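**Q** this is a predicted model, with the sequence first.
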Amino acid sequence: MNLDFSDDQKLLKQTAREYLSEHAPLSLCRAVLESNAAYSEALWKGIAALGWLGTAIPEEYGGAGFGRLELAVLAEEMGRCLAPIPFSSSAYLATEALVQFGSAAQKRTYLPKLATGEAIGCFAHAEKPGEPGAGSIATAFTKGKLTGNKLPVPDGDVAHFAIVTAKSGDDIALTIVDLTATGVERAAVRSIDPSRSLARVQFAGAPAQLLAGAPTGWTGVEQLLDRAAVLMAFEQLGSATRSFEITREFTLGRYAFGRPIASFQAVKHRLADLYVEIELARSNAYYAAWALSTNAPELRFAACGARASASDAFEVMSREMIQLHGGVGYTWEYDCHLFYRRAKYLAAILGSANHWREHLIERLDA
Amino acid sequence: MDFDDTAEEAAFRAEARAWLDANAERLQSGERAPGLAEGRTSPDLIKRAQAWQAKKADAGWACITWPKPYGGRGATSIQNMIWNQEQNRYKTPSDIFGIGQGMLGPTIMVHGNDEQKQRYLRPMLRGEEIWCQLFSEPAAGSDLAGLRTSAVRDGDEWIINGQKIWTTGAQYCKWGMIVTRTDPNAEKHKGITYFIVDMQAPGIDIRPIKQINGASGFNEVFFTDVRVSDKNRVGAVNEGWRGAITTLMNERASIGGGAGGGPDFNDLVTLAKLSDCDGEPAFADPAVRQRLARFYIRLKGLQYTGYRTQTALSRGATPGPESSIGKLVGAPLRQEMAGFAIDLQGATGAMIDHDAAPQEGVWQQSYLGTPGLRLAGGTDEILRNIIAERVLGLPPDIRADKGLAFKDVPTGPKNT
C-alpha cells in the first residue's frame, strides 16, 4: 500500500507551482475578474506550450500520454492559484469525454487540438435549477440535430465545442457539437465568480454527433461526472490549501491586544479544525485518485467522497478566511473574496455536495 | 499511488491469516467481537487475554513492531496495520495489554537502562505482567506537568506520596509507571522524575471509579509512603518530562489508530433500515441519508489519513503530532454517530437492555462510553493546541506559570 504521489509526480507538482507562481499570481485572477475577459489567454497559451492540456491524452492523439495522477497534480496547482482559465471544462470534462467515449475519428478530430490548446472544450449539462438527472434532460438529439437550451454552461461562451447531454429517443446520450455552427446561439451570463465564465447556450437544430456513435445511457454521463469530480476535488483542495496558508500568515502578522491574533485559542482552535477538514478532504481525494487512475470499481464511491469532502472543505475554508481576516476580509481589495467566489462556483458546476452525498448512499446501497 | 498490497505485504497478510485461521475463530458477518464496554475486570477475561497473548508470543505474533532483541519481529507499521486488520476478523479476547505494549514498553526502550529493558520488556510482551500508567491527578489533567504527587529520596530508595486518577486497569496490574514531583523549587516541567512502581507495594490503595457507563475501567490510586528502589527510576532525576512526552505521543497514536471496538458504519445503515418512520424505513429519509453519507465520508477520510501516515512512516518519516487528527476527529465522530443512532430508534432509543434494545443496545453503550474517548489521552482542546502549535507553528499559549518555581504556581481554591 502506498497512498502518496511518486517522486516524479512530486517533481511535476514542484515545476507547476514554480511556473504558476510566476505566471499566475492572484493578481492575474483579479485582473480577469475585474475585466470583461472570460479568461486569461496568456496563461492558457502558457500552459498549452508546456503540454499540460495534453497530460492525459494518449500520445497517438498528440498528448503526453501520462495518467490521471499527473492530471490530479496539475489540478491541485490550478486550484492553488485560482487559475482564471477553462482548464476544468476542457481537461477534466471535454477531454475525458472524448478519451473515454469518443470514436477513433472523433478522437482524431478533437484530441490533438485539445492537447495544444487550440481548441477549448466544455460540458453542457444543466438546464434548470436543481440537479440534472436522466429524467430531467429536455434537450433532444434527433437525426444529427440538437435542440434545446443549456443553462448555465461553464466556459460555454469561449469554448469551440461542447459535449452536450441530450435525450436520444428513450435513451440519454453524450453528443458533441461545434459551438460556432449554425443553429447555436450563446451568450455569457454573469457568474458568481467572474474570473470563471458561465454562458447560456441554445441549440436550434444544431448539427451534432453522438459520442461513441451510440447513446452511452445515463451511466455514461455518470461515469464522466465521476471522473471529473475527482479531478475537480483536487482543484478545490488546492484552492482550500492556499486559502488556509494565506489565512494562517495573516493571523500571525495581525496584532490585537498586543499579540498576534494567531496566539488566541479562539483563533488557533479554528485554524486547527480547518486544517483537519482540509487533511480529511485530501485523504479522500488521494483514495479517489488511486481509484480513477486504476479504473477501480471503488471509483463510484471514492468520487462521491472526494467531491463532497472537497466542496465542503473549500467552502468552509473560504468562509472562515473572510471571518479570520476581520473587516478587511470583506473588502474588494483583499483576496478573500476571490476564494469565496471560486468555492461556490466550483461546488455548483458539478453538482452540490448534497447531491454527491445522495449518490454515495444510493451507490453504497446498490 | 497504490491502494493494494504490494507483493511483500500480500505475503505477510497471507502468513498472518494462515496463522489466525489455525489458532482463532473467525467472526461471522454481523457478529461483534466481545467489546470493551462490559469492563475489563473479570478474572476470566484477563486469563483468556493472557492465554491468547502467550500463544501469539510463542508464534512470533506479539508486539510485532518491537525490535527483534526485545522479542518483536521488527515489523513495519504497515505490517502492523495489516496484522490488526486481520486479527480484527477473529473472535479474540479484548486487548488489556495495550497501555504497556503500546506506550510504556516503547518508553522503556527509549529512556530505560539495560537492566530495566532486560527485566521488564519480555514479560510485558508475553502478557505475563500487565502494566498501567500513573499520570493524571485530580488537579493535573490537561496540565499534566502540574502534578503534585511527590517522590523524596531516602538513600537508595524514593518515598512516594500523593494521588493519581483515571488509572486504567490499576486493580489487576503488576507494574505501573508513575511521574512524580521531585523538585518543587524548579519550574514545573523541570522537577519531574519517572519511576516504575510495583502495584502491590505497601502503601498503595486502589479504588475503582464508577464511570457514566457503569463500568469501572479507571481507578483512583493513593500513595502513602510507598518505597521505590532507585533502580526503578527511568531516566535522570528531574528529567522525567521527556519520558512522559514519549508515552503521551505513543498514547495518542494508539487511541487514534484503534477502531475502538464499538459499532461501525454498517451497523448504522442496518439500524436506519430497520427503524420505522411512518411506515417507511428511516433509511429512505433524505435527511437521514445525508447524515449517513457525512459519517461515511468522515470515517473514510480518517482511514485514508491513517494510510497516508503509514505511507510516510514506511518511507522513513517519524510519527509526528499529525497523529492527533485521528483522535481529535474519531472520538467526537463516534459520539455523534451514537447520538444519531439513538435518535433513529425513537422511543426505543431510551432502552439499553441487551435483550430489548435494537442491536443489543450497542449504540446506547457507545453513547455512554464515547464522552470518555474525547477526554482520554488529551482532550479535544489539548489536541487542537498540539495541531495549532506543533503542526501549524502558531504561537504557544501564554502561560501564567512560566518561570515560576512549581511551589509558587498559583492554584485555585479547590486545589489548595
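**A** Right, received. Where do you want to start?
**Q** for burial, what's the neighbour tally of the nearest residue in space to residue A:65 that is not next to it in sequence?
**A** Spatially, and ignoring its direct neighbours in sequence, residue A:65 is nearest to residue A:59 (3.9 Å; C-beta to C-beta, 6 or more residues apart in numbering or on different chains). Bear in mind the C-beta positions are built from the backbone N, C-alpha and C, glycine included. A count of neighbours around residue A:59, defined by other C-beta atoms under 10 Å in any protein chain shown, yields 11.
**Q** please apply the same query to residue B:184.
**A** Residue B:184: 14 neighbours (other C-beta under 10 Å).
**Q** and if you look at residue B:303?
**A** 15.
**Q** not counting residues beside it along the chain, what's closest to it?
**A** Here the residue nearest residue B:303, using C-beta to C-beta, 6+ apart, is residue A:283, at 7.8 Å.
**Q** hmm, the one you found is touching residue B:301, no?
**A** Yes. Using C-beta atoms under 8 Å, residue A:283 makes contact with residue B:301 at a distance of 5.0 Å.
**Q** rewinding a little: wait, the residue nearest to residue A:65 touches residue A:66, no?
**A** No. The criterion here is C-beta under 8 Å, and residue A:59 misses it with residue A:66 at 9.6 Å.
**Q** leaving out sequence neighbours, find the closest residue to residue A:133.
**A** residue A:218 (7.7 Å).
**Q** that neighbour: neighbour count?
**A** Count around residue A:218 with other C-beta under 10 Å applied: 16.
**Q** and it, its phi and psi?
**A** phi -60, psi -30 (degrees, to the nearest 10).
**Q** for residue B:175, same thing?
**A** According to degrees, to the nearest 10, residue B:175 has phi -130, psi 150.
**Q** residues in contact with the helix or strand hosting residue B:382?
**A** Per DSSP states H and E: residue B:382 is located in helix B:380-386. Contact partners of helix B:380-386, identified using C-beta atoms under 8 Å, 6 or more residues apart in numbering or on different chains, comprise A:265, A:268-269, A:272-273, B:142, B:252, B:321, B:324, B:327-328, B:331-332, B:374, B:378, B:397.
**Q** list just the nearest of the residues you listed to residue A:186.
**A** Nearest to residue A:186 among the contacts of helix B:380-386, counting by C-beta to C-beta, is residue A:273 at 42.7 Å.
**Q** next up, the contacts around residue A:221.
**A** A:125, A:134, A:165, A:172, A:174.
**Q** pretty sure it is in a helix, no?
**A** Yes. Remark: residue A:221 belongs to a helix, assigned using DSSP: H, G, I helix; E, B strand; the rest coil.
**Q** buried ones in the helix or strand hosting residue A:309, by neighbour count?
**A** Using DSSP H and E, the element containing residue A:309 is helix A:299-325. Using 16 or more other C-beta atoms under 10 Å in any protein chain shown as the test for burial, helix A:299-325 gives A:299-322, A:324-325.
**Q** follow-up on the earlier one: from the contacts of residue A:221, which is closest to residue A:235?
**A** Of the contacts of residue A:221, the one sitting nearest to residue A:235 (C-beta to C-beta) turns out to be residue A:125, at 17.8 Å.
**Q** pLDDT weak spots in chain B?
**A** B:32-41, B:252-261, B:319, B:414-416 (pLDDT under 70).
**Q** please enumerate the strands of it.
**A** For chain B, applying DSSP state E gives strands covering B:131-134, B:150-154, B:157-164, B:175-181, B:192-198, B:204-209, B:218-229, B:233-234, B:276-277, B:280-281.
**Q** whichever residue of the stretch 51-200 of chain B sits closest to chain A: neighbouring residues, count only.
**A** Per C-beta to the nearest C-beta, residue B:78 is where the stretch 51-200 of chain B lies closest to chain A, at 6.1 Å. Per other C-beta under 10 Å, the neighbour tally for residue B:78 reads 20.
**Q** related to what we said a few turns ago, buried ones in the strand or helix carrying the residue nearest to residue B:303, by neighbour count?
**A** With secondary structure defined by DSSP H and E, residue A:283 is part of helix A:265-294. Counting neighbours by 16+ other C-beta under 10 Å, one finds that the buried residues in helix A:265-294 are A:267-294.
**Q** tell me the contacts of residue A:131?
**A** A:351, A:352, A:355.
**Q** mind checking which of the residues you listed are in helices?
**A** residue A:355 (DSSP state H).
**Q** quick check: residue A:320 touching residue A:248?
**A** No. Contact criterion C-beta under 8 Å: residue A:320 and residue A:248 do not qualify, at 11.4 Å.
**Q** and the residue nearest to residue B:340 when sequence neighbours are not counted, how many neighbours does it have?
**A** Excluding the flanking residues, the one nearest residue B:340 by C-beta to C-beta, 6+ apart is residue B:291, at 5.9 Å. Residue B:291: 20 surrounding residues under other C-beta under 10 Å.
**Q** same check on residue A:242?
**A** Count around residue A:242 with other C-beta under 10 Å applied: 21.
**Q** how close does residue A:278 sit to residue A:271?
**A** 11 Å (C-beta to C-beta, to the nearest Å).
**Q** common neighbours of these two, please.
**A** residue A:244.
**Q** coming back round to it: moving C-terminal of the helix holding residue A:309, what's the next helix or strand?
**A** helix A:336-349.
**Q** helices or strands up against that next one?
**A** Under the contact definition 3 or more C-beta pairs under 8 Å, 6 or more residues apart in numbering or on different chains; DSSP states H and E, helix A:336-349 sits against helix A:26-34, helix A:217-253, helix A:299-325.
**Q** distance to residue B:287 for those - can I get that in a markdown table?
**A** Shown next, in a markdown table, are the helices and strands packed on helix A:336-349 (distance: least, C-beta to C-beta, whole Å):
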| stretch | distance to residue B:287 |
| --- | --- |
| helix A:26-34 | 37 |
| helix A:217-253 | 23 |
| helix A:299-325 | 16 |
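**Q** export those helices to JSON lines and tack on mean pLDDT?
**A** Listed next are the helices and strands packed on helix A:336-349 as JSON lines, based on pLDDT from 0 to 100:
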{"stretch": "helix A:26-34", "mean pLDDT": "98"}
{"stretch": "helix A:217-253", "mean pLDDT": "98"}
{"stretch": "helix A:299-325", "mean pLDDT": "98"}
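**Q** counting neighbours, what do you get for residue B:295?
**A** Neighbours of residue B:295 (other C-beta under 10 Å): 20.
**Q** dump the residue contacts of it.
**A** B:265, B:268, B:333, B:336, B:337, B:340.
**Q** ok, 7 Å please
**A** Shown in contact with residue B:295 (C-beta atoms under 7 Å, 6 or more residues apart in numbering or on different chains): B:265, B:268, B:337.
**Q** filter these by proximity to chain A?
**A** With C-beta under 7 Å from any C-beta of the partner chain as the criterion, those include none near chain A.
**Q** export those to JSON lines and tack on neighbour count?
**A** Below are the contacts of residue B:295 laid out as JSON lines (neighbours: other C-beta atoms under 10 Å in any protein chain shown):
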{"residue": "B:265", "neighbour count": "15"}
{"residue": "B:268", "neighbour count": "24"}
{"residue": "B:337", "neighbour count": "25"}
